[in-house]
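> Output the structure for:
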Amino acid sequence: MINLLKRLPRQHQVAITLLSLMVGVLLMAPTEAVLASRSQPASGLPIGERQSLELALDDMPVATEQHSLHDRMVSIRSGDTLSAIFARNGLPSSLLLEINELGKPVEELQKIYPGQQLIFSFNNKGEFSGLRYPLDAARTLDIRRTGQGLNSRIISAELEHRVQYAQATVRSNFWKAGVSAGLSPSQIMSLAAMFAWDLDFAFDIRANDSFTVLYEQRYKEGIKVDTGHILAAEFINQGKVYQAIRHSDGNYYSPEGRAMRKSFLRAPVNFSHISSNFNPRRLHPVTGQVRPHRGIDYAARTGTPVLAAGSGVVLESGFNRFNGHYVVIRHDSTYLTKYLHLHKRMVKKGEKVQQEQQIGTVGATGRVTGPHLHYEFLVNGVHKDPKSVDLPQAAFLSPNELARFKPNANKLMAQLNKVSSIMLANNQL
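A predicted model of the protein is given here:
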């Protein structure tokens, strides 16, 4: 080939050489596909797959100068103790002793419950490096091993607080109305507890009663993590309006500043069906005779908690064949309450009791046809209907506290009234 090229004229040799050089340059140049592949982060992958690959790479742990950490999440089981959890995870009891010496923050570890979680951290050598214990939506107990030993702290996250509302009209019963409004069981019980000094939720609630509730929801980075307290509520019972607002002391007050908590609860049993109402001419279910029934019978399952309607001193705690197990409480020189047919008595004669303290359980002892609580309320020795008896008024907030309470109360009441108006308008459509 070279000898043939030499026999050609000089100008032809130059032309062939130049043409060969141009072809060589073109062959060495990258194609458009190759250029495109160099501009993409993951050659040959569709865009969605490339993005997934990039995210996966970002999520990988990054090595540091120290040993990288590995977390182990441990769920607390029923009956678990810290020592059992440590042993199950191969941690020495000496480490637990070292942690217990850290002081007040780690006292939270003594309050572990089934279903909660502990997060242990280990380095690449399998050595303990730290422990995290979420206390609630906002706070985490953080224990770390440093060059100077263990240290602990409570890490608090910023939560966003939003006000939500719920409203409903009672059709069949209060509990179902609460569920239909989107309230949790604990919120329904809290709502009833707010008005328990004014309403007997086992008896007083009627069809077409209604309620409106403002409550807190807490968000962390835009995600709902917790439901907070009821801030304000309105309950309309048989046309009468009851309103309650939460104060900074954690208690509830009327818009005027009068405490919702009064000297007596309207009912000593929560959400129980009443089998017999107050009736001075009641036909006795056992003897068939007309005898006064100076109280209310709350039909409930055996073992249902019975609460003291008010604070006082146990005047009697005993048993006889008519009343079965019974408790009598003297609240002061005017008021006295009786609790009959108990399955179990939990207080003794002469013992001081606080309002809402459990004093026994519902039973079927004595002359009865089934398990229930017979409850009596006496004023100056005279039986009164517990549902309608006039009870002592609650105290007002002090002038200083009232000044602090009012601005927030007015704001919440304005929101509550707005929601109630919307509800009323919707019901009229």
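> Show me what the longest helix anywhere in the chain is packed against.
Looking across the chain with DSSP state H, the single longest helix is helix 399-428. If contacts are counted by 3 or more C-beta pairs under 8 Å, 6 or more residues apart in numbering; DSSP states H and E, helix 399-428 sits against strand 160-169, strand 210-220, strand 223-237, strand 240-246. From N, CA and C alone the C-beta is placed, and that goes for glycine too.
> Tabulate those in JSON lines, adding columns for mean pLDDT and distance to residue 115.
Converted to JSON lines, the helices and strands packed on helix 399-428 look like this (pLDDT from 0 to 100; distance: least, C-beta to C-beta, whole Å):
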{"stretch": "strand 160-169", "mean pLDDT": "90", "distance to residue 115": "25"}
{"stretch": "strand 210-220", "mean pLDDT": "90", "distance to residue 115": "19"}
{"stretch": "strand 223-237", "mean pLDDT": "89", "distance to residue 115": "15"}
{"stretch": "strand 240-246", "mean pLDDT": "96", "distance to residue 115": "28"}
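> hang on, isn't residue 372 packed against residue 300?
Yes - in this structure residue 372 lies within contact range of residue 300 using C-beta atoms under 8 Å: 6.5 Å.
> Now for the two: what residues contact both?
residue 362 (C-beta atoms under 8 Å, 6 or more residues apart in numbering).
> circling back: got the helices and strands packed on helix 399-428 as a markdown table, with mean neighbour count columns?
Conversion of the helices and strands packed on helix 399-428 to a markdown table gives the following (neighbours: other C-beta atoms under 10 Å):
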| stretch | mean neighbour count |
| --- | --- |
| strand 160-169 | 16 |
| strand 210-220 | 19 |
| strand 223-237 | 18 |
| strand 240-246 | 19 |
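> Can you show me the strands along the stretch 301-429 of the chain?
Ranges of strands within the stretch 301-429 of the chain are 305-307, 312-320, 324-330, 335-345, 352-353, 358-362, 372-379, 382-384, based on DSSP state E, counting those that start in this stretch.
> Check the stretch 1-150 of the chain too.
69-75, 117-123, 128-134, 139-146, 149-156.
> now these as JSON lines including mean neighbour count, distance to residue 194 and mean pLDDT?
Formatted as JSON lines, the strands of the stretch 1-150 of the chain follow (neighbours: other C-beta atoms under 10 Å; distance: least, C-beta to C-beta, whole Å; pLDDT from 0 to 100):
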{"stretch": "strand 69-75", "mean neighbour count": "12", "distance to residue 194": "35", "mean pLDDT": "87"}
{"stretch": "strand 117-123", "mean neighbour count": "17", "distance to residue 194": "33", "mean pLDDT": "92"}
{"stretch": "strand 128-134", "mean neighbour count": "19", "distance to residue 194": "29", "mean pLDDT": "92"}
{"stretch": "strand 139-146", "mean neighbour count": "16", "distance to residue 194": "27", "mean pLDDT": "90"}
{"stretch": "strand 149-156", "mean neighbour count": "14", "distance to residue 194": "29", "mean pLDDT": "88"}
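> from the chain's centre, how far out does the longest helix of the chain sit?
24 Å (C-alpha atoms, centre = their mean, to the nearest Å).
> same deal with stretch 119-138?
Per C-alpha atoms, centre = their mean, the displacement of stretch 119-138 from the mean C-alpha position of its chain is 25 Å.
> Put the alpha carbons of it into PDB.
In PDB, the C-alpha atoms belonging to stretch 119-138 read as follows (Å, rounded to 0.1, in the frame of the first residue of the first chain):
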ATOM      1  CA  ILE A 119     -33.600   3.000  70.500                       C
ATOM      2  CA  PHE A 120     -30.100   1.700  71.300                       C
ATOM      3  CA  SER A 121     -27.100   2.800  69.400                       C
ATOM      4  CA  PHE A 122     -23.900   0.700  68.800                       C
ATOM      5  CA  ASN A 123     -20.700   1.400  67.000                       C
ATOM      6  CA  ASN A 124     -19.100  -1.000  64.500                       C
ATOM      7  CA  LYS A 125     -17.400  -2.900  67.200                       C
ATOM      8  CA  GLY A 126     -20.800  -3.600  68.800                       C
ATOM      9  CA  GLU A 127     -20.100  -1.300  71.800                       C
ATOM     10  CA  PHE A 128     -22.900   0.700  73.400                       C
ATOM     11  CA  SER A 129     -22.900   4.300  72.200                       C
ATOM     12  CA  GLY A 130     -26.200   5.700  73.200                       C
ATOM     13  CA  LEU A 131     -29.900   5.300  74.100                       C
ATOM     14  CA  ARG A 132     -33.000   7.300  73.000                       C
ATOM     15  CA  TYR A 133     -36.400   7.100  74.700                       C
ATOM     16  CA  PRO A 134     -39.300   9.100  73.100                       C
ATOM     17  CA  LEU A 135     -41.200  10.600  76.000                       C
ATOM     18  CA  ASP A 136     -44.000  12.100  74.000                       C
ATOM     19  CA  ALA A 137     -44.500  13.800  70.600                       C
ATOM     20  CA  ALA A 138     -42.200  16.700  71.500                       C
END
